[in-house]
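Novice: Fold the following.
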Amino acid sequence: MALDIAEIKRLKELTGVGLTDAKQALEEAKGDFDKALEAMRKKGLTKAEKRGEKEAREGVIGSYLHDNRIGVLVEVNCETDFVARGEIFAGLVKDVAMHIAASAPVYVSADDIPEADRDAKKQELLASDTLKGKPADMAEKIVDGQLKKYFSELCLMDQPFIKNPDQTVGQYVIEKAALCNENVVVRRFSRMQLGEK
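Specialist: Below is the predicted model:
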């Protein structure tokens, strides 16, 4: 089957894979571009997740200012200076900073939540009236679900991405890391809002 070189190049651009891989994906999908794109995205995301073990010490500190009322500084790391200076990475940093300004997360990820904060919220939920009369094991499961939901709203990587609520910020970062072909890590951020302490 003859494949259109423009389609191969387009698939390469959208997924960050080589020409040979893009051609092979189109051949496997029998020329169906959307099917090939989905297959390559899955492959790219898997690759990006595997790269997560590599150390990311390069990168940038990005900033975003909204109406001179909300300011954000965010450190995003990657493996090489070359990627840090690239367009895809710069767009990622800007989008993450903009998301932080809009959604006001408190933590980068669930790993950053202090145990004391987790325990305090758990005790608060266990003491609520809605759990009175429920068996202890059921109450524990309910509280675990409530804790997960509560903290997912406060963790940057678990929040629905403002530009595409169908994916989390974490999924967006992995998708862009796949295009960069490097491990990308949102290390830390600081958000300031006028009049807040």
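Novice: Check which helix or strand residue 96 maps to.
Specialist: Per DSSP states H and E, residue 96 falls inside helix 87-103.
Novice: Could you report the neighbour count for residue 109?
Specialist: Here the number of neighbours of residue 109 (other Cβ atoms under 10 Å) works out to 16. No exception for glycine: its C-beta is placed from N, CA and C like everyone else's.
Novice: typed the wrong thing, it's residue 140
Specialist: 14.
Novice: pLDDT score for it?
Specialist: What the model reports for residue 140 is a pLDDT of 80.
Novice: Repeat that for the one 3 residues further on.
Specialist: Residue-level confidence at residue 143 comes out at 82, pLDDT.
Novice: show me the contacts for the residue nearest to the spatial centre of the chain.
Specialist: Residue closest to the mean C-alpha point of the chain, counted by Cα atoms, centre = their mean, is residue 170 at 1.7 Å. Counting by Cβ atoms under 8 Å, 6 or more residues apart in numbering, residue 170 touches 109, 157, 158.
Novice: at 10 Å what do you get?
Specialist: 108, 109, 155, 156, 157, 158, 159, 161, 186 (Cβ atoms under 10 Å, 6 or more residues apart in numbering).
Novice: how close does it get to residue 155?
Specialist: Residue 170 sits 9 Å away from residue 155, taking Cβ to Cβ, to the nearest Å as the criterion.
Novice: same deal with residue 95?
Specialist: 17 Å.
Novice: What is the neighbour count of residue 175?
Specialist: If we define neighbours as other Cβ under 10 Å, then residue 175 has 20 of them.
Novice: what's the average pLDDT for the host helix or strand of it?
Specialist: Using DSSP H and E, residue 175 falls within helix 169-180. For helix 169-180, mean pLDDT rounds to 89.
Novice: just the angle between it and helix 87-103, please?
Specialist: Angle of helix 169-180 versus helix 87-103, following axes from the mean of the first three to the mean of the last three Cα atoms, to 10 degrees, is 170 degrees.
Novice: could you give the angle of the next helix or strand after helix 169-180 to helix 87-103?
Specialist: Beyond helix 169-180 in the direction of the C-terminus, DSSP H and E gives the next helix or strand as strand 185-193. On the basis of the same axes, to 10 degrees, strand 185-193 is oriented at 40 degrees to helix 87-103.
Novice: So in that sheet, which strands flank strand 185-193, and in what orientation?
Specialist: strand 70-78 (antiparallel) (DSSP bridges).
Novice: Give the buried residues for the partner strand.
Specialist: For strand 70-78, the neighbour count (16 or more other Cβ atoms under 10 Å) marks 70, 71, 72, 74, 75, 76, 77, 78 as buried.
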